[in-house]
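> A predicted structure for the sequence below; I have some questions about it.
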Amino acid sequence: MFTALIIVLVLMLLLSVPVGVVYQIDWRQKFHGEASLQWLFGLVRLRLPSPRAGKLAGGKKRAAGKTAKQPKAARKKTDLLAALRLKAFRQRMLRFVREVWRAFRKRDLQLHIRVGLGDPADTGQLWALFGPLSGLLSSLEDASIELEPDFVDAVFELDSRGKVSVIPLRLIYLVLGLLLSPPFWRGMRRMRRTA
């Protein structure tokens, strides 16, 4: 019993040490990224592996093989929108995003996202939910964040760089809080029901 208590205390102590990531991501036609992990206040440094071209090519082959199942993919787009229409789910997810944002310490953080669903109506519905968030994010002092809709093409582009650090124990606490909240599971059920 005493040994188990010591193990739990050591684990809690290790999870309370901040973990930092310095990264750069560019995702347009292909994914390019590099990142390094820092722990124990910079004493432990580890370069994180980036996805290889072969793995990405394999992913493209699998995606090309699924062209006959496009209606299912289209339904998946609207599943998320069905959950986001629930006010309680939307509020809980926004609260979770705010809490996670505050949990991370940010330095020189830049993020630019361009997204389009291929259908102007679907993109408009998505932007009706995320447009106000975009205005709020652009006014943040500790980061430069831009969300841009594309009403013509089905597109996802991401360009981001910076240094972030977080205490893992705090992140675990926030995720458990989300998983134990009833509005989150009501949204999950709504997504499954419309699938």
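That came through fine. Numbers count the residues shown, from 1 in each chain.
> do you know how far residue 180 is from residue 92?
11 Å (C-beta to C-beta, to the nearest Å). (C-beta placed from N, C-alpha, C; glycine too.)
> Between these two, which is the more surrounded one?
More crowded of residue 180 and residue 92, by other C-beta atoms under 10 Å: residue 92, with 20 against 9.
> Figure out the helix or strand that the more buried one lives in.
In this structure, residue 92 sits in helix 87-103 according to DSSP states H and E.
> for that helix, packing partners?
Using 3 or more C-beta pairs under 8 Å, 6 or more residues apart in numbering; DSSP states H and E, the elements in contact with helix 87-103 are helix 70-84, helix 168-179, helix 182-194.
> hmm, 10 Å instead?
When contacts are defined as 3 or more C-beta pairs under 10 Å, 6 or more residues apart in numbering; DSSP states H and E, helix 87-103 packs onto helix 70-84, helix 120-138, strand 154-166, helix 168-179, helix 182-194.
> Could you pull out the buried residues of the helix or strand following it?
Using DSSP H and E, the helix or strand that follows helix 87-103 in sequence is strand 105-117. By 16 or more other C-beta atoms under 10 Å, the buried positions in strand 105-117 come out as 109, 111, 113, 114, 115, 116, 117.
> okay, which residue is most central for this protein?
The centroid of the chain falls nearest to residue 97 when counting by C-alpha atoms, centre = their mean (9.3 Å).
> surely that residue meets residue 133?
Yes. Counting by C-beta atoms under 10 Å, residue 97 touches residue 133, with 8.4 Å between them.
> re the thing from before, got the CA coordinates for the helix holding residue 92 in CSV?
C-alpha atoms of helix 87-103 as CSV (Å, rounded to 0.1, in the frame of the first residue of the first chain):
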residue,chain,number,x,y,z
LYS,A,87,-26.6,25.1,-27.3
ALA,A,88,-25.4,23.2,-24.3
PHE,A,89,-22.9,21.2,-26.3
ARG,A,90,-21.7,24.3,-28.0
GLN,A,91,-21.3,26.2,-24.8
ARG,A,92,-19.5,23.3,-23.1
MET,A,93,-17.0,22.9,-26.0
LEU,A,94,-16.3,26.7,-26.1
ARG,A,95,-15.7,26.5,-22.3
PHE,A,96,-13.3,23.6,-22.8
VAL,A,97,-11.4,25.4,-25.6
ARG,A,98,-11.1,28.5,-23.4
GLU,A,99,-9.9,26.5,-20.5
VAL,A,100,-7.3,24.6,-22.6
TRP,A,101,-6.2,27.9,-24.2
ARG,A,102,-5.5,29.3,-20.7
ALA,A,103,-3.8,26.1,-19.6
